[in-house]
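Q: give me the fold of what follows.
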Amino acid sequence: MTINGVMSVAVQAITAQSMAISNISDNVANATTVGYKAVETQFLDVLQGMQATSSPVLGGTKQGGVIAYADFANRGQGQIVDDDSDTSAAISGNGFFAVAKPTGVDPETGEPTGFENAVYYTRQGDFHLDSSGRLVNSAGYYLMGSASGTGTTPSVLTIDTGDNAADSGFTGVSIGDGGVITAHYSDKTTSAQGQVLLANFREPDKLDRVDGNAFIATTESGAAVYGNPMAGTNRAGIGTIVGGALEQSTVDTANQMTKLIVAQQAYSMNSQVIQTANAMMSTVMDMKG
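A: Got it, this is the predicted structure:
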């Protein structure tokens, strides 16, 4: 391998370790983000060309290098903990909440003026009821589901916050185990308001990340297949929903700190390789002079 080759490999390694440090930083920053899945960094050896030598052994040795890529561990299960809010929900097992992103907000009411046609997916279930009667999480994504409780095509759910047939006032809404959405009234009666559906994918780790701890489907992930967590059969491989609970981040901060030390040392060592190669090249140039 030439000196230029040595420097090229070392620069490539520094770039890879920079990505690793960036992913670690992202993970640590989201250690307390509801439903966040830790992003791992995988390294791949690459070959850059044949060494020029007559040796049958060394002649078959190729210059090595490395590239890094992000591995989205979306199958990981975070710990589920109880939450004080009746509208919070956690997913146990496979699946994602289907959510919608508003296209705009009315400046006077603060209510969404419309929603994008695209469907987004998230595990962040810290939903609350807004003034428009819709359930929205802290990232600003609105919960989708089946208003009838039996459908499998999700749409943005709107809760009827008016009085019931007995003129008893609306007191709140809850997401129960299994994803059943229920309105509550002051006379202790209830009314079914819909069913949360979960989306599953052939390759959930291949979903593409977007802002707000959400994802969109890709060709590699496959299209979303929706299932009803309350269904006994044909559940599309989904898990279930735990009402009044939240799924914690899968980030292990101690593990991330260990990885940070390893990445920093690898970064420093490759920087030293570049400095050494540069010194060798300077020596060769001086000899030519």
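Q: show me the contacts for residue 246.
A: Listed by CB atoms under 8 Å, 6 or more residues apart in numbering, the contact set of residue 246 reads 34, 35, 80, 81, 83, 88, 90, 125, 126. Heads up, the C-betas are built off the backbone N, CA and C, glycines and all.
Q: and the two most separated of these?
A: Greatest spatial distance in these: 80 and 126, 12.9 Å, computed using CB to CB.
Q: the two: who's more crowded?
A: Neighbours were counted for residue 80 and for residue 126 using other CB atoms under 10 Å; residue 126 has more, 19 against 15.
Q: how close does the more buried one get to residue 247?
A: As judged by CB to CB, to the nearest Å, residue 126 and residue 247 stand 10 Å apart.
Q: shared neighbours of the two, anything?
A: In contact with both residue 126 and residue 247: residue 34, using CB under 8 Å, 6+ apart.
Q: any idea how far residue 138 is from residue 130?
A: Between residue 138 and residue 130 the computed distance is 12 Å (CB to CB).
Q: cool, residue 206 as well?
A: From residue 206 to residue 130 the distance is 32 Å (CB to CB).
Q: quick one: buried residues of the helix or strand harbouring residue 270?
A: If you go by DSSP states H and E, residue 270 is part of helix 253-288. For helix 253-288, a neighbour-count test (16 or more other CB atoms under 10 Å) marks 256, 259, 260, 263, 266, 267, 270, 273, 274, 277 as buried.
Q: one more: stretch 88-99?
A: Buried, per 16+ other CB under 10 Å, within stretch 88-99: 88, 89, 90, 91, 92, 94, 95, 96, 97, 98, 99.
Q: low pLDDT regions in the stretch 1-150 of the chain?
A: Along the stretch 1-150 of the chain, the model assigns pLDDT under 70 to residues 1, 47-64.
Q: in it, mark out all the helices, start to finish.
A: 3-29 (DSSP state H, counting those that start in this stretch).
Q: contacts only, for the residue lying closest to residue 263 once chain neighbours are set aside.
A: Excluding the flanking residues, the one nearest residue 263 by CB to CB, 6 or more residues apart in numbering is residue 20, at 4.4 Å. Each residue near residue 20 by CB under 8 Å, 6+ apart is listed here: 41, 43, 68, 259, 263.
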